[in-house]
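Engineer: What shape does this take:
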Amino acid sequence: MALTSLIARLPYPSRSVQRAIAVAAIVAQAGIGVTGSVVRVTGSGLGCPTWPQCFPGSMVPVAHPEFDTLNQWIEFGNRLLTVVVVLVSALAVLAAWRVQIAHPERKRLVRLAWTMPGGVVLQAVVGGITVLAKLEWWTVAIHFLASTPLVWLAVLLLRAFNEGDRPARWLVPPPAKKLLVTLVVALWAILVAGTTVTGAGPHGGDPETHRLDAPIEVLAQVHGGLLVVYLLVLAVFGLVLMRGGTPAAVWRRYAIVWAVALAQGVLGSVQYALGIPEALVSLHVLGSALVIVATAALWCGCRDRGPVTSDGPAPREPELTAARS
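Structural biologist: A predicted model of the protein is given here:
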């Protein structure tokens, strides 16, 4: 109750502030995955060989003959970016909590906001295990996959700041709803398959790390085949929408998914044909985050929870706040 009283004293976040914080959460959750890929392709994964310290007895890089200074600072810099994610996550919780104090019905908003710091804790633990396991390919895969639902949830948080809390009403026909669920399943299957390609590929984060002993050609074909499945489901979803009555906003989000998914597919093909150059690997990771964001936005656009009811503080809130004083 004391903490709630303190948060109640904070200025009520405007709609623009709420949106800015949610967008920052999306960028932070997606960005940490991209910077992680930079660590991997530069061979800096063990630039800090211990966790949570960088070196035994030191939280920061130290001169060491076995570790290149640049690799140390790339890995340490990625760890420092976690602080940014923590700060953004904390702001999301504070903003949602402040809104919920004024509008008690907004409990779902607070639950979504709490997934942000919760995800940071999860990722810190998984990241520590990954380092201590010397970047075994399957730990790196889990580390990446753990970040993907956080990107999705950040998109849902942005939507929650801009909608009400009525039970979700679908804006698309029942067959389209089932296809959308299938599309989401296909998306995560693509992501899982992509981590196996990475596990068998040349960029393990450290020259000595163990790699997945499987033919990368086959793994890449499975990965690409699942993208084809995703696009086929997306196409059938569009045909169902053409039956009529679909809001224009849904069509706009649908077109964005097509654009992002096709661009990601082309990028992946070029990356493989060129021998998986480092820069394209990080761009491909960025592309995967954009596909998640676009698909999550389509999911949100196909559901309606009514108009937002928390544009400002409740009329009697100043009196209540004064009473708490």
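Engineer: quick one: the residue lying closest to residue 160 once chain neighbours are set aside from residue 157, how far?
Structural biologist: Nearest residue to residue 160, sequence neighbours excluded (CB to CB, 6 or more residues apart in numbering): residue 109, at 4.8 Å. (C-beta placed from N, C-alpha, C; glycine too.) Here the criterion is CB to CB, to the nearest Å. By it, residue 109 lies 8 Å from residue 157.
Engineer: doesn't residue 98 make contact with residue 12?
Structural biologist: Yes: applying CB atoms under 8 Å, one finds residue 12 in contact with residue 98, separated by 6.2 Å.
Engineer: Show me which of those two is the more surrounded one.
Structural biologist: Remark: of residue 12 and residue 98, residue 98 carries more neighbours, 22 against 18, as counted by other CB atoms under 10 Å.
Engineer: Distance from the helix or strand hosting the more buried one to the middle of the chain?
Structural biologist: In this structure, residue 98 sits in helix 69-102 according to DSSP states H and E. On the basis of CA atoms, centre = their mean, to the nearest Å, helix 69-102 sits 13 Å off its chain's mean C-alpha point.
Engineer: Stretch 5-22 now?
Structural biologist: The answer for stretch 5-22 is 22 Å, by CA atoms, centre = their mean.
Engineer: element containing the residue nearest to residue 160?
Structural biologist: In the assignment (DSSP H and E), residue 109 maps to helix 107-132.
Engineer: between that helix and helix 69-102, what angle do the directions make?
Structural biologist: Following axes from the mean of the first three to the mean of the last three CA atoms, to 10 degrees, one obtains 160 degrees for the angle between helix 107-132 and helix 69-102.
Engineer: Which SSE is immediately downstream of helix 107-132?
Structural biologist: Sequence order places helix 137-161 as the next helix or strand after helix 107-132, per DSSP H and E.
Engineer: pLDDT weak spots in the protein?
Structural biologist: Where the chain drops to pLDDT under 70, the residues are 1, 314-325.
Engineer: for the nearest residue to residue 156 once chain neighbours are set aside, what are its contacts?
Structural biologist: In space, and not counting its chain neighbours, residue 156 is closest to residue 112: 5.8 Å by CB to CB, 6+ apart. Shown in contact with residue 112 (CB atoms under 8 Å, 6 or more residues apart in numbering): 96, 153, 156, 157, 160.
Engineer: Could you report the separation of residue 112 from residue 11?
Structural biologist: With the distance defined as CB to CB, residue 112 ends up 21 Å from residue 11.
Engineer: try residue 206
Structural biologist: To residue 11, residue 206 is 47 Å away according to CB to CB.
Engineer: more crowded one of the two?
Structural biologist: Neighbours per residue, other CB under 10 Å: of residue 206 and residue 11, the larger number sits with residue 206, 19 against 8.
Engineer: Pretty sure that one sits against residue 46.
Structural biologist: Yes: with contact defined as CB under 8 Å, residue 206 reaches residue 46; the gap is 4.6 Å.
Engineer: how far out from the middle of the chain is stretch 137-153?
Structural biologist: In terms of CA atoms, centre = their mean, the centre of stretch 137-153 is found 8 Å from the chain centre.
Engineer: List the buried residues for it?
Structural biologist: Buried residues in stretch 137-153, counting neighbours by 16 or more other CB atoms under 10 Å, are found at 137, 139-153.
Engineer: Skip the chain neighbours and tell me the closest residue to residue 133.
Structural biologist: Leaving out its chain neighbours, the residue that sits closest to residue 133 by CB to CB, 6+ apart is residue 139, at 4.7 Å.
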